[in-house]
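would you be able to build a 3D model of this:
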Amino acid sequence: MDYDIPSGTRPREREENTLRVLDVLIKHGPISRIDLSRKLGVARSTVSVIVNGLIEIGLVNEIGEQEIVGAGRPPTLLEIDATSRQFVCVDLDVGETSIVLCDLEGKVMAAKVDVMARATPEIVAREIIDSVTELLERENLDWATVAGVGVVVPGPVRHDIDTVQSLVFGWPQPVKLQAELRKCLPEGIPLLAENDVNAAAFAEWDAIGYPPDLFYVYVGRGIGSAYIYDGRLHYGRHFLAGEIGHMTVESDGVLCDCGNRGCLEKHASVPCIIAAIHGESALDRGRAYYQSSLFNLVRQLESGDSRSLAVVNEAGHAIGAALYNVIQVLDCEKIVLSGPICMLRDYIMDVIKLNLTKQLGRGTLSLAFSQVGEDAKAIGIASLMREAILLNTGGGDDTPFGYLGTKGAERLLRAVPKEGSGT
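Below is the predicted model of the structure:
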């Protein structure tokens with residue numbers, strides 16, 4: 001039996017009240033019914049009916065009485081049953097593709113890594129669904145409890161036309177990966193694709209407590225960024241916002257692959273930092289090479305190697321200059337740096353800050369390195385799906401986000417079928 005959502009005079013209003021209750025339980029639980037009522041500004045009787053329905057469909061548990069001072073009956077505490085539903089999160093990449101199950105709070109429940117080769121969207125979609133099914137079976141789960149599927153892509157994602165691009169997969173032009181995945185998915189399961197840096201940024205936003213704004217910068221083989229304001233990712237008119245790696249930091253600098261000169265990526269990406277020390281033969285190498293090179297670079301920095309220190313200083317100045325420009329445009333308060341560059345934090349942070357002295361000095365800016373681990377992209381797409389479902393952050397039903405919010409809410413608020421009864 002699906003949950004008949006109570007309260008309110010319109011179906012959408014009733015559903016919104018229920019989703020708001022879930023949102024508060026996830027972000028502020030455990031919490032009592034009376035505190036839920038106060039936080040949401042909804043009548044206690046309405047909250048009680050909503051909560052009782054959520055308990056019935058297995059989304060909420062009563063976990064005991066709240067400690068109180070003085071006489072009176074202590075209220076019962078409620079918490080979300082986070083593992084009752086799962087988000088399937090696919091971190092898509094050539095070579096290693098991670099399939100991760102996250103609970104409703106964005107915590108990793110299980111994971112597996114598969115080898116994914118360059119292929120057509122049709123083949124990649126089938127391989128993804130086969131891998132997900134294997135993981136669900138391994139964990140004694142099935143598609144019935146899956147609240148949504150998120151796919152993180154190393155390349156641009158167009159939500160307006162529902163396409164992805166990825167040079168590493170050999171898709172230089174937009175392809176309909178989402179449509180191919182929907183053909184393979186069990187009926188009724190919502191799907192969202194997102195760019196990898198955007199997804200990781202959302203994980204950071206979630207982990208540090210939902211700040212009003214966040215500018216997130218990933219520095220690795222390339223340099224990308226994402227901007228979250230008021231809980232929403234900002235994409236730009238053509239879904240290409242965040243290309244900070246191609247911001248000019250030296251007008252007559254090195255020629256970049258994009259055709260411009262002096263791009264940040266040519267001064268501060270990991271391959272270019274390593275190549276500045278070891279020569280151009282260090283460019284276009286594999287992930288393992290750059291990981292070992294960064295370990296070696298840290299040792300050289302620890303020993304005071306002048307060449308290594310000079311190269312890292314130059315990279316830090318370039319990053320600082322780019323961030324200065326970003327702050328002038330966005331007036332953002334919180335900046336997080338992430339990616340392999342974090343290995344150099346002890347040697348590059350002070351150099352970056354030299355360009356931001358005024359903003360840091362007046363207390364209007366927070367600059368830090370990421371604290372989210374290697375599952376950031378998977379956790380981020382899970383958090384992004386949850387926000388779209390609970391808060392309907394994606395617009396109308398004719399957009400992928402809006403469709404996810406509407407269909408995801410319907411799926412989340414239904415009773416889970418008993419074993420053997422399908423999805």
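
give the contact list for residue 97.
90, 91, 113, 114, 115, 116, 128, 131 (CB atoms under 8 Å, 6 or more residues apart in numbering). The way it works is simple: take the backbone N, C-alpha and C, and place the C-beta from them, glycine included.

so it sits in a strand?
Yes: counting by DSSP: H, G, I helix; E, B strand; the rest coil, residue 97 is found in a strand.

and the pLDDT for it?
Predicted confidence (pLDDT) for residue 97: 88.

quick one: the residue nearest the centre of the chain from residue 59, how far?
Residue closest to the mean C-alpha point of the chain, counted by CA atoms, centre = their mean, is residue 380 at 2.0 Å. Residue 380 is 22 Å from residue 59, where distance means CB to CB, to the nearest Å.

just to revisit the earlier point, can you pull the buried residues of the helix or strand hosting the residue nearest to the centre of the chain?
Per DSSP states H and E, residue 380 falls inside helix 376-391. For helix 376-391, burial by neighbour count (16 or more other CB atoms under 10 Å) applies to 376-390.

so which of those is the closest to residue 411?
Nearest to residue 411 among the buried residues of helix 376-391: residue 389, at 8.5 Å, using CB to CB.

quick check: the residue lying closest to that closest one once chain neighbours are set aside vs residue 193, distance?
Residue nearest to residue 389 in three dimensions, not counting chain neighbours: residue 408, with 3.7 Å by CB to CB, 6 or more residues apart in numbering. Distance of residue 408 to residue 193, computed by CB to CB: 14 Å.

who has more neighbours, these two?
Neighbours were counted for residue 408 and for residue 193 using other CB atoms under 10 Å; residue 408 has more, 26 against 23.

avg pLDDT for the helix or strand hosting that one?
Assigned by DSSP H and E, residue 408 belongs to helix 400-412. The average pLDDT for helix 400-412 rounds to 73.

can you check stretch 353-360 too?
86.

and the contacts of that stretch?
Contacts of stretch 353-360 (CB under 8 Å, 6+ apart): 316, 317, 320, 321, 323, 324, 327, 365, 367.

now the helix holding residue 380 - C-alpha only, CSV.
Coordinates of each C-alpha in helix 376-391 appear next as CSV, following Å, rounded to 0.1, in the frame of the first residue of the first chain:
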residue,chain,number,x,y,z
ALA,A,376,33.1,12.4,-2.8
LYS,A,377,31.5,12.1,-6.3
ALA,A,378,29.3,9.2,-5.3
ILE,A,379,28.2,10.8,-2.1
GLY,A,380,27.6,14.1,-4.0
ILE,A,381,25.3,12.6,-6.6
ALA,A,382,23.4,10.8,-3.7
SER,A,383,23.0,14.2,-1.9
LEU,A,384,22.0,15.9,-5.1
MET,A,385,19.3,13.4,-5.8
ARG,A,386,18.1,13.6,-2.2
GLU,A,387,17.8,17.4,-2.3
ALA,A,388,16.0,17.3,-5.7
ILE,A,389,13.5,14.9,-4.3
LEU,A,390,12.9,16.4,-0.8
LEU,A,391,13.1,20.0,-1.7
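
so how far is that helix off the chain centroid?
What separates the centre of helix 376-391 from the centre of its chain is 6 Å, taken as CA atoms, centre = their mean, to the nearest Å.

ok, stretch 218-233 next?
10 Å.

helix, strand, or coil at residue 210?
coil.

dump the contacts of residue 97 to a markdown table, plus pLDDT.
Listed next are these as a markdown table, based on pLDDT from 0 to 100:
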| residue | pLDDT |
| --- | --- |
| 90 | 95 |
| 91 | 93 |
| 113 | 91 |
| 114 | 88 |
| 115 | 83 |
| 116 | 82 |
| 128 | 94 |
| 131 | 94 |
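
in strands only, show me the residues you listed.
Of the contacts of residue 97, the ones assigned to strands by DSSP state E are 90, 91, 113, 114, 115, 116.

what's the closest of those to residue 46?
When the ones in strands among the contacts of residue 97 are compared against residue 46 (criterion: CB to CB), the nearest one is residue 90, at 37.8 Å.

circling back: just to check, the residue nearest to the centre of the chain is in contact with residue 207?
No: applying CB atoms under 8 Å, one finds residue 380 not in contact with residue 207, separated by 9.4 Å.

what about the residue lying closest to residue 34 once chain neighbours are set aside, how many residues close to it?
Spatial nearest neighbour of residue 34, chain neighbours left out: residue 75 (5.5 Å); criterion: CB to CB, 6+ apart. The local packing of residue 75 (other CB under 10 Å) involves 15 other residues.

hmm, residue 75 is touching residue 31, no?
No: with contact defined as CB under 8 Å, residue 75 does not count as touching residue 31 (9.3 Å).

pLDDT averaged over the helix holding residue 380 - what is it?
Averaging pLDDT residue by residue across helix 376-391 gives 90.

where in the stretch 51-200 of the chain is pLDDT low?
Residue ranges of the stretch 51-200 of the chain with pLDDT under 70: 68-72.

residues near residue 32, how many?
20.

tell me where the stretch 1-150 of the chain has helices.
11-28, 33-40, 44-56, 121-138 (DSSP state H, counting those that start in this stretch).

ok, which stretches of the stretch 201-350 of the chain are helices?
Going by DSSP H, counting those that start in this stretch, the stretch 201-350 of the chain shows helices at 265-268, 270-278, 287-302, 306-330, 345-354.
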